[in-house]
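Undergrad: this one's structure only:
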């Protein structure tokens, strides 16, 4: 399970995409990879839309899952102007849930895999702490990255 908070998606998207490409080439025997991205503005999900659309359309989509969560109300962010061009080229927004994910359920659910499972988190300290605590409770391996100034 990969858990990204805000701009923490940058390296995790790269990892997710690389793992997908390797699995697609038959070079990575993975059971399941789930990317969870939590951000304040759902428009950010569109930054990596091509990756998510590619994975969703592939037969590997059952092994490569992604979930998006937005923590702010729609009135709290500014929508960009509609894109230029034919309406037929405008895609619907990527689906997301409001609020925060149930990380305890997601991470402790990996307990059956023990140290063969990995929780990899990148984001705010509070998100990393929650992931670390739940990984420890589930006996699951944990790694993290942070970008603090």
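TA: Happy to help now that I have it. Owing to the predicted nature of the structure, the values given are computational and were not obtained by experimental measurement.
Undergrad: what's next to the lengthiest helix in the chain, contact-wise?
TA: Longest helix in the chain by number of residues (criterion: DSSP state H): helix 9-24. Residues from elsewhere that reach helix 9-24 (CB atoms under 8 Å, 6 or more residues apart in numbering): 2-4, 28-30, 33, 35, 37, 39, 44, 47-48, 51, 54-55, 58, 60, 63-64, 66, 120, 122, 145. The way it works is simple: take the backbone N, C-alpha and C, and place the C-beta from them, glycine included.
Undergrad: Tell me which of the residues you listed fall in strands.
TA: Among those, the members falling in strands (DSSP state E) are 2, 3, 4, 33, 35, 37, 39, 64, 66, 120, 122, 145.
Undergrad: what would those look like in JSON lines with distance to residue 103 and pLDDT?
TA: Listed next are those as JSON lines, based on distance: CB to CB, whole Å; pLDDT from 0 to 100:
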{"residue": "2", "distance to residue 103": "12", "pLDDT": "97"}
{"residue": "3", "distance to residue 103": "7", "pLDDT": "98"}
{"residue": "4", "distance to residue 103": "12", "pLDDT": "97"}
{"residue": "33", "distance to residue 103": "16", "pLDDT": "94"}
{"residue": "35", "distance to residue 103": "13", "pLDDT": "97"}
{"residue": "37", "distance to residue 103": "12", "pLDDT": "98"}
{"residue": "39", "distance to residue 103": "15", "pLDDT": "95"}
{"residue": "64", "distance to residue 103": "19", "pLDDT": "94"}
{"residue": "66", "distance to residue 103": "15", "pLDDT": "96"}
{"residue": "120", "distance to residue 103": "13", "pLDDT": "97"}
{"residue": "122", "distance to residue 103": "14", "pLDDT": "96"}
{"residue": "145", "distance to residue 103": "17", "pLDDT": "86"}
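Undergrad: Alright, I will stop here.
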